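S.K.: This is a predicted model, with the sequence first.
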Amino acid sequence: MGSGRDGPNRPGQMIEHVRYQITEVQRHEEAIAKHVTTLGWRAYGTNAPQTRLSFENAVLEYRNEFRIERVFGRFKGDHLSIAPLFVKRDDQVEGLTRLLSLAVRVLTLMEFVARRALKLQNRVLAGLYLDSSRKTTAKPTAERLLRVFSHIKLVTIYLPDKIVYQVTSFSPVHQEIIEVLGLPSDLYTSLNRTLSRGVQASMSA
């Protein structure tokens, strides 16, 4: 029925709701076989021996090709910016490309080591996001890890009898990142002692 009062000459309306439930599924083998014949072929090529990479694993690795595309994205990103190349000679183009490829490998390795360590230790990192200091992640990018170290400064203090070097803005977050990367725990803090001893030795000589 419609809205409002009902009348003797008002047409009625019936609404019926039907619900279906699947109780059995049957395969139409002939239709499936006909469809399979229309499918194409895909060729995979690799130089890895079968003992190291089986066919099934090769297919799975190919499906992870987005990781390779991400490497090329780093090449063209803001940090490396392989294009445009502001060089004139061919040897400069080749040299700069090789230099940036080394940088990409370092970033990729750094990211892999950090994520593997966090997964094995079942832990997360905090303090990597500028908008939220409490936000954590178990899969940090290499760029985000390096950005945390961008505020560290090396201060040189000239005294009458010696020159003192001091690293500032070193926080527990920096120390935690260094530990996750498997680097020496005193990688930055040791600069104070090492540089001071070097200067004093040169001055005494």
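M.R.: The structure has been received and is ready for your questions.
S.K.: Going by C-alpha atoms from here, please, whenever you check contacts or count neighbours.
M.R.: Fine.
S.K.: Longest helix in the protein, by number of residues?
M.R.: helix 90-121 (DSSP state H).
S.K.: quick one, the strand or helix carrying residue 72 and helix 90-121 angle?
M.R.: Assigned by DSSP states H and E, residue 72 belongs to helix 66-76. Using axes from the mean of the first three to the mean of the last three CA atoms, to 10 degrees, one finds that helix 66-76 and helix 90-121 are set 130 degrees apart in direction.
S.K.: For helix 66-76, enumerate the helices and strands it packs against.
M.R.: helix 90-121 (3 or more CA pairs under 8 Å, 6 or more residues apart in numbering; DSSP states H and E).
S.K.: what comes into contact with the next helix or strand after the helix it packs on?
M.R.: Heading C-terminal from helix 90-121, the first helix or strand you meet, by DSSP H and E, is strand 125-126. Defining contact as CA atoms under 8 Å, 6 or more residues apart in numbering, one finds that strand 125-126 is touched by 133-138, 140, 173, 177.
S.K.: picking up where we left off before, list the buried residues for the longest helix of the chain?
M.R.: Neighbour-count burial for helix 90-121 flags 96-97, 100-101, 103-104, 107-108, 110-112, 114-115, 117-118 (criterion: 16 or more other CA atoms under 10 Å).
S.K.: Residue 115 reaches residue 139, doesn't it?
M.R.: Yes. Under the criterion of CA atoms under 8 Å, residue 115 makes contact with residue 139 at 5.4 Å.
S.K.: Can you tell me how far the residue nearest the centre of the chain is from residue 99?
M.R.: With distances taken as CA atoms, centre = their mean, residue 141 lies nearest the centre of the chain, 4.0 Å away. For residue 141, the distance to residue 99 (CA to CA, to the nearest Å) stands at 20 Å.
S.K.: Could you do residue 33 as well?
M.R.: From residue 33 to residue 99 the distance is 53 Å (CA to CA).
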